[in-house]
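Peer 1: could you work out the structure for the sequence below:
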Amino acid sequence: MSETLTVAVVGATGAVGREMLKTLHERKFPATKVRAFASARSAGGKVPFGESELTVEELKEDVFDGIDLAIFSAGGGASTTFAPHAAHAGCVVVDNSAAWRMDERCPLVVPEVNPQALEAHQGIIANPNCSTIQMLVVLKPLHDAAKIRRVVVSTYQAVSGTGQKGIEELERQVRDLFNARDPENKVYPYRIAFNVLPHIDVFLDNDYTKEEMKMVNETVKILDDPSVRVTATCARVPVFFCHAESVNIETEKKITAKEARIMLSQAPGVKVFDNPRELMYPMPAYCIGDDPTFVGRIREDESVDNGLNLWIVADNVRKGAALNAVQIAEELLRRDLVRVPDKNVFMS
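Peer 2: Coordinates of the predicted model:
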């Protein structure tokens, strides 16, 4: 590893890209230079970085020479096109899109869960889906202690999961309704203001949505355990930031609610916020901008022998995207893995 470290954020003008820059600065990531990239229409603009600003550069195939590490949040199309060129130039990519998550060449990493998977990286590392990240930060210590057999998860996902356009649609529709105007649906198929949509991403042949199957497949890959059975229902709710999840697990070995609270209170990245008698439980409105994944409503499932119910909330833009990606970058540095072993792996 050289003494200099140049880091790029690709997709720097989006909500997650801006949060990535903010997170790099807040955590004092030891980059000697940070560069910001976006599409041609954003080139020349400015994005904040600490007390200063970065000039946005146009993303092209040949811009990665001299860049050691690139954090991508530019969408699956851009990642599919440009990440291989970055790796070919010797630049390690941490990608936030779904493009590389299930590629067997790419580790899918939550640093609190499976940091060891980074050791086998070949130049591109995938950041998991936001809903999967927050669920597995909480489930991993329970899986280690008692082996999870089955997971039933229902998500309540904020509109920021759709990016800035989702935030703007909710704002616009609320204003329209309060002013007795008919709200227009541009981003979602139905009105999101004061509504719940049991539909995120496209429907697949099995009548699950792509978002739901991401949670199923990514959980198995991250835990490296095909025996874990997962079923998911993902809903979009009229909340700006922070996803919430109702998670029911069945384990091979019995864990009491008290044991689970103790385990989770010691788990990295987890904050237990759970006292029903004092009305203490995590809520999206109170978790915005926070790094931890919050868990509450921890209780035994009285309908099965070895069941637990959990309520999990995290900032989807923070831990669900930007923070997890920066933590991966930090772990790569810690393990001296900011290098591409074979620059041609992704060029075929």
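
Peer 1: when you work out contacts or count neighbours from here on, use the C-alpha atoms and nothing else.
Peer 2: Will do.

Peer 1: who are the packing partners of the longest helix seen in the chain?
Peer 2: In the chain, with assignment by DSSP state H, the single longest helix is helix 130-146. Secondary-structure packing of helix 130-146 (3 or more C-alpha pairs under 8 Å, 6 or more residues apart in numbering; DSSP states H and E): helix 210-223, strand 243-251, helix 257-265, strand 293-300, strand 307-314.

Peer 1: show me the one of these that comes nearest A86.
Peer 2: Taking C-alpha to C-alpha as the measure, those were each checked against A86, and helix 210-223 came out nearest at 24.2 Å.

Peer 1: and the closest one, what other elements does it pack with?
Peer 2: helix 130-146, strand 229-236.

Peer 1: which of the residues in the longest helix of the chain are buried?
Peer 2: 130-143 (16 or more other C-alpha atoms under 10 Å).

Peer 1: can I get the helices and strands packed on helix 210-223 in TSV with mean pLDDT and distance to Y281?
Peer 2: As requested, the helices and strands packed on helix 210-223 are exported to TSV (pLDDT from 0 to 100; distance: least, C-alpha to C-alpha, whole Å):
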stretch	mean pLDDT	distance to Y281
helix 130-146	98	15
strand 229-236	98	20
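
Peer 1: please enumerate the helices of this structure.
Peer 2: Using DSSP H, the helices assigned to the chain run over residues 15-26, 76-88, 130-146, 164-178, 210-223, 257-265, 323-334.

Peer 1: pull the distance from the longest one to the chain's centre.
Peer 2: In other words, helix 130-146. Helix 130-146 has its C-alpha centroid displaced from the chain centroid by 13 Å (C-alpha atoms, centre = their mean, to the nearest Å).

Peer 1: alpha carbons only: can I get it in CSV?
Peer 2: The C-alpha coordinates for helix 130-146 follow below in CSV (Å, rounded to 0.1, in the frame of the first residue of the first chain):
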residue,chain,number,x,y,z
CYS,A,130,-30.3,-1.6,2.7
SER,A,131,-33.0,-3.9,4.2
THR,A,132,-30.7,-6.9,4.3
ILE,A,133,-27.9,-4.9,6.0
GLN,A,134,-29.9,-3.8,9.0
MET,A,135,-31.6,-7.2,9.5
LEU,A,136,-28.3,-9.1,9.4
VAL,A,137,-26.4,-6.8,11.7
VAL,A,138,-29.0,-7.8,14.3
LEU,A,139,-29.5,-11.5,13.3
LYS,A,140,-25.8,-12.5,13.1
PRO,A,141,-25.1,-12.8,16.9
LEU,A,142,-28.3,-14.7,17.3
HIS,A,143,-27.4,-17.0,14.4
ASP,A,144,-24.0,-17.6,15.9
ALA,A,145,-25.5,-18.5,19.3
ALA,A,146,-28.5,-20.6,18.3
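
Peer 1: now do that helix against helix 210-223, angle only.
Peer 2: Using axes from the mean of the first three to the mean of the last three C-alpha atoms, to 10 degrees, the direction of helix 130-146 lies 40 degrees away from that of helix 210-223.

Peer 1: tell me if I'm right that V110 and A322 touch.
Peer 2: No. In this structure, V110 sits apart from A322 without contact. The criterion is C-alpha atoms under 8 Å, and the distance is 12.0 Å.

Peer 1: what's the longest helix of the chain in contact with?
Peer 2: Residues lying outside helix 130-146 but in contact with it, judged by C-alpha atoms under 8 Å, 6 or more residues apart in numbering, are 110, 112-113, 148, 155, 214-215, 218-219, 223, 243, 245, 247, 251-255, 260, 263-264, 267-270, 293, 295, 312-314, 316-317, 319-321.

Peer 1: could you do stretch 40-47 as well?
Peer 2: Under the contact criterion C-alpha under 8 Å, 6+ apart, stretch 40-47 has outside partners A12, T13, R18, A36, F37, E53, L54, T55, V56, E57, E58, L59.

Peer 1: what is the nearest of those residues to G161?
Peer 2: Proximity of the contacts of stretch 40-47 to G161 (C-alpha to C-alpha) peaks at R18, which lies at 14.4 Å.

Peer 1: I'd like to know how far the closest residue to that closest one other than its chain neighbours sits from N129.
Peer 2: Computed as C-alpha to C-alpha, 6 or more residues apart in numbering, the closest residue to R18 that is not its neighbour in sequence is A12, at 5.5 Å. To N129, A12 is 19 Å away according to C-alpha to C-alpha, to the nearest Å.

Peer 1: same deal with P107?
Peer 2: Going from P107 to N129 by C-alpha to C-alpha gives 13 Å.

Peer 1: who has more neighbours out of these two?
Peer 2: Under the neighbour definition other C-alpha atoms under 10 Å, P107 and N129 were set side by side, and P107 has more, 28 against 22.

Peer 1: okay, the closest residue in space to that one that isn't next to it in sequence: pLDDT?
Peer 2: Nearest residue to P107 in three dimensions, chain neighbours excluded: I125, at 5.3 Å (C-alpha to C-alpha, 6+ apart). Model confidence at I125, given as pLDDT, is 98.

Peer 1: what sits against I125?
Peer 2: With contacts defined as C-alpha under 8 Å, 6+ apart, I125 is in contact with V92, V93, V94, D95, W100, C106, P107, L108, V109, L118.

Peer 1: try 10 Å
Peer 2: Shown in contact with I125 (C-alpha atoms under 10 Å, 6 or more residues apart in numbering): 71, 92-96, 100-101, 103, 105-109, 117-118, 325, 328-329.
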